[in-house]
Every structure is written in structure tokens, then in C-alpha cells.
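Asker: Fold the following and give me the result.
(2 chains)
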Protein chains: 2
Amino acid sequence: MRSWAFSVEVAETVMPDPVDLKDKLAQVTSLWDPKVIAALNDYHFKIARIEGAFVWHSHPDTDEAFMVIDGKLRIELRDGAVELVPGQLYVVPRGVEHRPVAEEPCGILMVEPAGTVNTGDAGGERTRSGDEWI
Amino acid sequence: MRSWAFSVEVAETVMPDPVDLKDKLAQVTSLWDPKVIAALNDYHFKIARIEGAFVWHSHPDTDEAFMVIDGKLRIELRDGAVELVPGQLYVVPRGVEHRPVAEEPCGILMVEPAGTVNTGDAGGERTRSGDEWI
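Answerer: Predicted coordinates for the structure are as follows:
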């Protein structure tokens, strides 16, 4: 009986997974605790579950972009407020005091430089590093 | 008859408008012609209507983030492809050759440094400056 050694070359087709925002959000168990889901150069896309009111703060060195994945977000500013629902985008300019508020449970997407801290210049016990990936 | 001069101080509540992605997309009339809808420091959020296949190209100096507003986007890579629907995100790393393809009309959101050209290192007649706001 003969035996042959042979190999078959299979064309490998790589299908990288996109990042699914709702799937990622489902993995977040803590509130007001941003998790990184993607990097763009030295910027991070972060998601967070939020409910209630956060602390007033600003980011002196960077703008901060907000989108809503699920629910409704109100970004209070010192002289007004912005209401965001899914499909909408708002950029809080650097140095502008703001306070995110969600009357009901809400999932948000933020884009900002890596290392940007959630409480900005306010600090305090609600500060999270925001550099954990999920 | 007497007359009084008086003034009433009204507390002004500013309600800035968020950027509504579908509203903005409805204003775009050309294909493969990115328009800026928001700035985040020196980065731009851009939207584009696309249909069919774009040119193979890469961006040697920057990553490029893609999301889908409406429809389905396939980002072809030299060794595979990524399929994106609304609610999903994919970042093409700098230097990686890619070709966006939409079998049906599609609306996309991109995030990248201001001044990033749509055709990257490929150039050619489909190049757009990508710095027009809408």
C-alpha cells in the first residue's frame, strides 16, 4: 500500500469583526464607568452606561464628542442644555462646563483623546481612569 | 395718561442643536464626497453617501474610523473584508489598504484627522478635499 504526503492550500479569507456598540454595552455592568472599545490613533472610542446626574466638570485641554447608543442623554451646560437621542452627535468644546444627565438608563458613546478622565477638572470619588478595554 | 418705561429680564435658556446624522445625510446630494459635520479638536466627523465600489487606497499617517448611518458597508481588505451595519464601528489601521463598497445606497460616518483625503495615497479623479462643512 502506498501513501502520499500532500498538502492543500486553502485561501484564507479573514473577516475581522466590527465592534458592535450594543453588544459591547451589554457587557458593561457598572454605571458612569467608561470602557474603551476602539482606538483611533491616540483617541479612544468609549462606551458607558449612565443613569441620573453626573458631576459638573470641564476638560480644559480637549473637546469631547457624545453620541447615544440607547436611551436619551441631556448634556447640561451653564446656560442651557442639549438633548441627544440615538443618531445624534454633540461635541462639548474644551473648557466648557457640562453635566451629563440621564433620566432613564442610557448607553452612550464618547470620542476623546486617550487618557481623558471622566470628571475632567472636577476630580472626586466618581473619577475613573477610562482606560480599561471591554 | 401716564407711561412707564420698564424692562423685563428673561432668563435665556440656550438649547444648542445636536447634529442629527440622518438630517445631515439628507442634505448630501453627491456620492463619495465626504462632508464635515463636526470637529473634535483637530479631528473631523464626516458623512458621505456611497454606492458601488471606491478605489483601493490606504492612509499612511492615520487610522480611519467608520460607522454606518443607513444601509450596509463592506470594507474590503487585501486578505478579507468587514461588513458594517448601523450600530457597528470599525477602525482601519494606518497603512492598511482598503476599499469601501456598498452594494446598495449607504450613508456612512467617518472620524479622522482634519485634512485626511478620501483617496489617501491613491489619489486620482475621485479625490475630494473632504473639508467642506454641511
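Asker: any idea of the pLDDT on the most centrally placed residue in chain A?
Answerer: Among the residues of chain A, A:Lys46 comes closest to the average C-alpha position under C-alpha atoms, centre = their mean, at 2.0 Å. pLDDT recorded at A:Lys46 is 98.
Asker: Next up, the contacts around the nearest residue to it once chain neighbours are set aside.
Answerer: Spatial nearest neighbour of A:Lys46, chain neighbours left out: A:Pro34 (4.2 Å); criterion: C-beta to C-beta, 6 or more residues apart in numbering or on different chains. Any C-beta I mention is one placed from the backbone N, CA and C, and that applies to glycine too. Under the criterion of C-beta atoms under 8 Å, 6 or more residues apart in numbering or on different chains, the contact partners of A:Pro34 comprise A:Lys46, A:Ile47, A:Ala48, A:Met110, A:Asn118, A:Arg128, A:Gly130.
Asker: how about these in TSV, adding distance to A:Ala39 and secondary structure?
Answerer: Output for the contacts of A:Pro34, formatted as TSV (distance: C-beta to C-beta, whole Å; DSSP: H, G, I helix; E, B strand; the rest coil):
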residue	distance to A:Ala39	secondary structure
A:Lys46	10	strand
A:Ile47	13	strand
A:Ala48	17	strand
A:Met110	13	strand
A:Asn118	18	coil
A:Arg128	18	coil
A:Gly130	13	coil
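Asker: just checking, A:Lys22 is part of a helix?
Answerer: Yes - secondary structure assignment places A:Lys22 in a helix (DSSP: H, G, I helix; E, B strand; the rest coil).
Asker: What parts of chain A come near chain B?
Answerer: For chain A, the residues in contact with chain B (C-beta under 8 Å from any C-beta of the partner chain) are A:12-22, A:37-41, A:43, A:45, A:62-65, A:69, A:77, A:79-84, A:87-91, A:94, A:111-113.
Asker: can we see that at 7 Å?
Answerer: A:12-16, A:18-22, A:38-41, A:43, A:45, A:62-63, A:65, A:79-82, A:84, A:87-91, A:111 (C-beta under 7 Å from any C-beta of the partner chain).
Asker: Filter those down to the buried ones, PyMOL style.
Answerer: Buried subset of the residues of chain A next to chain B, written as a PyMOL selection, criterion 16 or more other C-beta atoms under 10 Å in any protein chain shown:
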select buried, chain A and resi 18+19+21+38+40+41+43+45+62+63+65+81+82+84+87+88+89+90+91+111
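Asker: Restricted to helices, list the residues of chain A next to chain B.
Answerer: A:Leu21, A:Lys22 (DSSP state H).
Asker: In contact with A:Asp63, which residues?
Answerer: Going by C-beta atoms under 7 Å, 6 or more residues apart in numbering or on different chains, A:Asp63 touches A:Val91, A:Val92, A:Pro93, A:Arg94, B:Leu40, B:Asn41.
Asker: so which pair among these is furthest apart in space?
Answerer: Across the contacts of A:Asp63, no pair lies farther apart than A:Val92 and B:Asn41, at 11.7 Å, counting by C-beta to C-beta.
Asker: before we move on, the earlier item: just to be sure, which of the contacts of A:Asp63 are found in strands?
Answerer: Cross-referencing the contacts of A:Asp63 with the strands (criterion: DSSP state E) gives A:Val91, A:Val92, B:Leu40 as the overlap.
Asker: What segments of chain A are strands?
Answerer: Counting by DSSP E, one finds strands in chain A at the ranges A:19-20, A:35-40, A:43-53, A:64-70, A:73-77, A:80-84, A:88-92, A:98-113.
Asker: Okay, now the unreliable bits of chain A?
Answerer: Applying pLDDT under 70 to chain A flags residues A:1-13.
Asker: tally of neighbours for A:Pro105?
Answerer: Look at A:Pro105: counted by other C-beta atoms under 10 Å in any protein chain shown, it has 13 neighbours.
Asker: Is it correct that it is in contact with A:Gly71?
Answerer: Yes - shown here, A:Pro105 and A:Gly71 form a contact pair, counting by C-beta atoms under 7 Å, at 6.0 Å.
Asker: Now for these two: what residues contact both?
Answerer: Listed contacts common to A:Pro105 and A:Gly71 are nil; contacts here mean C-beta under 7 Å, 6+ apart.
Asker: residues contacting A:Ala38?
Answerer: When the contact criterion is C-beta under 7 Å, 6+ apart, the partners of A:Ala38 are A:Val19, A:Phe45, B:Leu89, B:Val91.
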